[in-house]
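Colleague: Whatever this is, show me its structure:
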Amino acid sequence: MATADSRWRGGLRLWHSDGVIAPSRTVSRRDFLRRSGAGFGALCLDALVAREARATPRAIDPLNPMAARALDLAPTAKSVIFLFQVGGPSPVDTFDYKPELQKLDGKPVPESIRKAVEATRHANVFHGCKEELMASPYAFKQHGESGLWVSELFPHVAKHADDLCVIHSLQAESNNHAPASYQLHTGEIRPGKASLGSWVTYGLGSANENLPGYVLLFDAGPLGGAANYSNGFLPAAFQGTRLRDTGTPVLDLVPPPEFADGQRASLDLIRDLNLRHRERHPGFDPLDARIAAYELSYRMQSEALDVGDLDSEPASLRRAYGLEHEDARTVKYARKCLLARRLVERGVRFVQLYDMPDKDGWDAHAKLTDNHNPRARWTDQPVGALLGDLKQRGLLDETLVVWASEFGRTPMMQGDNGRQHNAAGFTVWLAGGGVKAGARIGATDAIGLMAVEQPHPFKDLHATLLQAIGLRHEALEFEVNGRKERLTGVAGSAGVIPGVLG
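Modeller: Predicted coordinates for the structure are as follows:
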């Protein structure tokens, strides 16, 4: 019978047909393959070894998982601020101006466009829609030297038109909120995978070991819940840390005064006990993460309190962000945007903001203006101020700002002047972090229904973001049950979006 000794451990043991280990020496896999199959096996092995050499797994210290790591490429960005617009804002009402749609108001989708869409996997985009197009109720103007068309919903963001790189041709695989949201965050429409922020911190570590590398800022959170921002199969140390924009950033971060003096001694004892337990259970990720989390929490007590002190900012800057706005929801989002700037300023790698203060998000199935008007008001001024603040401080060059959602909305009407989900073609924009400012990438058709020029899946966007921060997307991998998982999926199936990085 074979024993545990029969498993490969850097070499290959020879066996007789009766199952007894041969007395001959242990030979390497390479030597065995060179002697068999006329050497063709060795050729394959050489290719595999070369590939593995290019994709060496990250060496992670489990007790100091956020230690900075070597980069694969010269980065154009050090940090990412990801502004996720929950629910699907309408591109044809925000950043994808379509004069033809205005002309065809109330008319059916042109037959040529309908047939083109029905021939793709996005044919279900017509389900639930009326047989008539709906013109945008918003006025569009061109802004900046780039002449970027922006609707009246975003007057503050429009001031930064020449800093934006707008991609008009993203596509998702699902027309439902949670699966499409999972795909944007993790690369898969199914829950359980690692999020973009977790991949970034796994690949890079952190520039500030006194703060989390991956921070989440939200009130209600995204549709689909925590699976959007989970660490998935990656070690627990790379999960996102939620910070509050008011009060103490982390609940229970500061001990009661009567326990403060003995806190360090208590933590040292807990660490010692955990390390003893770890010696008996090596490779147990949750225990490693627990040890690291205790130490991070202790180090955060001073720096996290400082980073959350928004009152220390000049009054003029607080007003610019909207912290004194009459609308309480604008104030809430403004605080998150200002906190995001303070976090990246201190070396946090990835900050994820969700703009959803309620259950609806931008999900305007009816009464588009009733939905989009307040959401634009809550977010436009804070985002515009964030871009201006980063630029004024010289941080925009090294901070990649992403504005995106899980999908867009149809140019056809749904219900009472609403719009249906649309995964066939929609808009995201990026700013700073080495992107080509003022560029417009890809295009949808004449009515904004489907991407027809440079259509790109989310994994191409992921590949582009990873390259910007210095990581080769095909080299960023983690083995799970014998399978190498990547944010961008199977090797060779994703690529950096041409024209985005300058």
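Colleague: Okay, now the sheet partners of the lengthiest strand in the chain, with direction.
Modeller: Secondary structure of the chain per DSSP state E: the longest strand is strand 164-171. Strands that pair with strand 164-171, judged by DSSP bridges, come out as strand 426-431 (antiparallel), strand 440-441 (parallel), strand 456-457 (parallel).
Colleague: Can you check what angle separates the helix or strand just after it from strand 426-431?
Modeller: With elements assigned by DSSP states H and E, the helix or strand that comes after strand 164-171 is helix 177-186. Using axes from the mean of the first three to the mean of the last three Cα atoms, to 10 degrees, the direction of helix 177-186 lies 30 degrees away from that of strand 426-431.
Colleague: hang on, Gly88 packs against Glu406?
Modeller: Yes. The pair Gly88 / Glu406 is scored as a contact, 6.1 Å apart, by Cβ atoms under 8 Å. Yep, even glycine has a C-beta here, placed from its N, CA and C like the rest.
Colleague: my guess is Phe233 contacts Pro191, does it?
Modeller: No. Counting by Cβ under 8 Å, Phe233 does not reach Pro191; the two are 12.0 Å apart.
Colleague: circling back to that earlier point, and for Gly88 and Glu406, which residues touch both?
Modeller: Taking Cβ atoms under 8 Å, 6 or more residues apart in numbering as the criterion, Gly88 and Glu406 both touch His177.
Colleague: Would you mind telling me which of the two has the busier surroundings?
Modeller: Glu406 (33 against 27; other Cβ atoms under 10 Å).
Colleague: how close does the closest residue to the more buried one other than its chain neighbours get to Thr248?
Modeller: Distances taken as Cβ to Cβ, 6 or more residues apart in numbering place Ala180 nearest to Glu406, at 3.8 Å, with adjacent residues excluded. According to Cβ to Cβ, to the nearest Å, Ala180 and Thr248 sit 34 Å apart.
Colleague: who has more neighbours, those two?
Modeller: Neighbours per residue (other Cβ under 10 Å) separate Ala180 from Thr248, with Ala180 holding more: 23 against 14.
Colleague: List the residues that contact the more buried one.
Modeller: By Cβ under 8 Å, 6+ apart, the contact set of Ala180 is 172-174, 189, 406-407, 421, 423.
Colleague: That one and Gly192, how far apart?
Modeller: 16 Å.
Colleague: Kindly report the same for Tyr97.
Modeller: For Tyr97, the distance to Gly192 equals 39 Å [Cβ to Cβ].
Colleague: higher neighbour count, those two?
Modeller: Tyr97 (21 against 11).
Colleague: contacts for the longest strand of the chain?
Modeller: Applying Cβ under 8 Å, 6+ apart, the contact partners of strand 164-171 are 91, 95-96, 122, 146, 148, 157, 404, 423-431, 435-444, 451-458, 461, 497, 500.
Colleague: Which of these fall in strands?
Modeller: With DSSP E as the criterion, strands contain 148, 404, 426-431, 440-441, 443-444, 451-453, 456-457 from among the contacts of strand 164-171.
Colleague: Buried ones only from those residues, please, as a ChimeraX command.
Modeller: Command for ChimeraX that selects the buried part of the ones in strands among the contacts of strand 164-171, burial taken from 16 or more other Cβ atoms under 10 Å:
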select :148,404,426,427,428,429,430,431,440,441,443,444,451,452,456,457
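Colleague: Can you pull out the low-pLDDT segments for this protein?
Modeller: Applying pLDDT under 70 to the chain flags residues 1-58, 251-264, 266-267, 283-285, 291, 294-305.
Colleague: backbone phi and psi for the spatially most central residue of it, please?
Modeller: In the chain, the C-alpha nearest the mean C-alpha coordinate belongs to Leu196, at 3.9 Å (Cα atoms, centre = their mean). The phi/psi pair for Leu196 (degrees, to the nearest 10) reads phi -60, psi -40.
Colleague: That one: what's its closest spatial neighbour, skipping adjacent residues?
Modeller: Per Cβ to Cβ, 6+ apart, closest to Leu196 is His185, 5.9 Å.
Colleague: Distance-wise, check the one you found relative to Leu204.
Modeller: Distance from His185 to Leu204, counting by Cβ to Cβ: 18 Å.
Colleague: contacting residues around Thr199?
Modeller: Small correction: residue 199 is Trp, not Thr. Counting by Cβ under 8 Å, 6+ apart, Trp199 has contacts 234, 238, 466, 476, 487.
Colleague: wait, which of those is closest to Val109?
Modeller: Leu487 (35.0 Å; Cβ to Cβ).
Colleague: Next, the angle from the helix or strand containing His372 to strand 164-171.
Modeller: Assessed by DSSP H and E, His372 sits inside helix 368-392. Orientation check (the same axes, to 10 degrees): helix 368-392 against strand 164-171 gives 130 degrees.
Colleague: Could you give me the buried positions within helix 368-392?
Modeller: For helix 368-392, burial by neighbour count (16+ other Cβ under 10 Å) applies to 368, 371-372, 375-391.
Colleague: From the contacts of Trp199, keep the buried residues only.
Modeller: Those of those that meet the buried threshold are 234, 238, 466, 476, 487, by 16+ other Cβ under 10 Å.
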